[in-house]
Structures are given as structure tokens and as C-alpha cells.
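[1] requesting a structural model of the entry that follows:
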Amino acid sequence: MGRKSQTPPLALVSEPASIAAEPPATLREAGRNLWQSVMREYAIADAGGLALLEQACASADRAAECAAIIAEQGAVISTKYGLKDHPLLRHEATARGLIGRLLARLGLDVEPLRPASGRPGVGFGWIPPR
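    All right, here's what the predicted structure looks like:
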């Protein structure tokens, strides 16, 4: 007969918001800006959410790094075979796409609720059909 192992009861651990609100030290300017703007508007406090946000911010840093190199060298480079797109264009686009997917995974891509149900009124730029 096997002994039943006793597992301790699980408890939720809450981290003070001031600690979680600080961006990780590894982030550079673009990543820190994204972190601060997201944390200003959303209360992300769970470990998984913070990890996803950190990855999105690291991707923002990578995209900014690629963009800076492309701005310096140009979007088109000359090779022995002629002109070609800068190879970092693809990496920048991939990093920006990852940012969007990670923010969507966090649920930050949802449109805000409209103040009223039904079709939008004149104040929303809706033009009635003729």
C-alpha cells in the first residue's frame, strides 16, 4: 500500500502593484515605453500576464533596433546581384507582429464597449443610406 502524499493547500499570492508596475531592467526605451503605457491603462498582476507583457516589450525593443539600423542603412541595399530589400525589414515586421499577437493574448485588443446598443448615431460618423 502506498502512502498518500499530503500536498499543502494552495493559496493566492498577491504582489504589491508598485513592484509589478516597474518595467524589467533588461528593457530599453521602446520596451519600457510600451510597458509603462500598458500598465497605466491595465491592471496586469498575474505572473503569466507579466511574462507575456515582458515578451511583447522585448519584441518592441527588437523592432526599434531593426528600425534604427534600417533608417541608417536604407530600406533597400545594393548587392552584387542588384538592389534588394534590407534583410532586417523582415525581422522588424516579425517582431511587430509578435507584439500584436502577445497583446491580443493578454486581451488588450478588444474594442471598448459602446455607450449604447444598436446602430451608431450621427455622432459616430455614421451616414444614413440614401
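[2] kindly list the longest helix within the protein.
    Scanning the chain for the helix with the most residues, using DSSP state H, yields helix 47-73.
[3] show me what the helix or strand following that one is in contact with.
    Counting by DSSP states H and E, the next helix or strand C-terminal to helix 47-73 is strand 76-79. Applying CB atoms under 8 Å, 6 or more residues apart in numbering, the external contacts of strand 76-79 come out as 83, 84, 85, 86. Using the backbone N, CA and C atoms, a C-beta is placed for each residue, glycine as well.
[4] so where does the second one fall, helix or strand?
    If you go by DSSP H and E, residue 84 is part of strand 82-85.
[5] now the next helix or strand after that strand: mean pLDDT?
    Of the helices and strands lying after strand 82-85 in sequence (DSSP H and E), the nearest is helix 88-105. Mean pLDDT, taken over the full extent of helix 88-105, equals 96.
[6] give the other helices and strands that helix 88-105 contacts.
    helix 47-73 (3 or more CB pairs under 8 Å, 6 or more residues apart in numbering; DSSP states H and E).
[7] hang on, the earlier thing: buried set for the longest helix of the chain?
    Along helix 47-73, these residues count as buried under the neighbour rule (16 or more other CB atoms under 10 Å): 49-50, 52-67, 70.
[8] and what of stretch 101-108?
    By neighbour count with 16+ other CB under 10 Å, stretch 101-108 contains the buried residues 102, 103, 106, 108.
[9] let me have the residues you listed in TSV, adding distance to residue 39 as columns.
    Output for those, formatted as TSV (distance: CB to CB, whole Å):
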residue	distance to residue 39
102	15
103	13
106	12
108	11
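[10] quick check, nearest of those to residue 22?
    residue 106 (18.0 Å; CB to CB).
[11] next, the contact list for that closest one, please.
    42, 44, 49, 52, 53, 56.
[12] now it: how far from residue 23?
    Per CB to CB, to the nearest Å, residue 106 is found 15 Å from residue 23.
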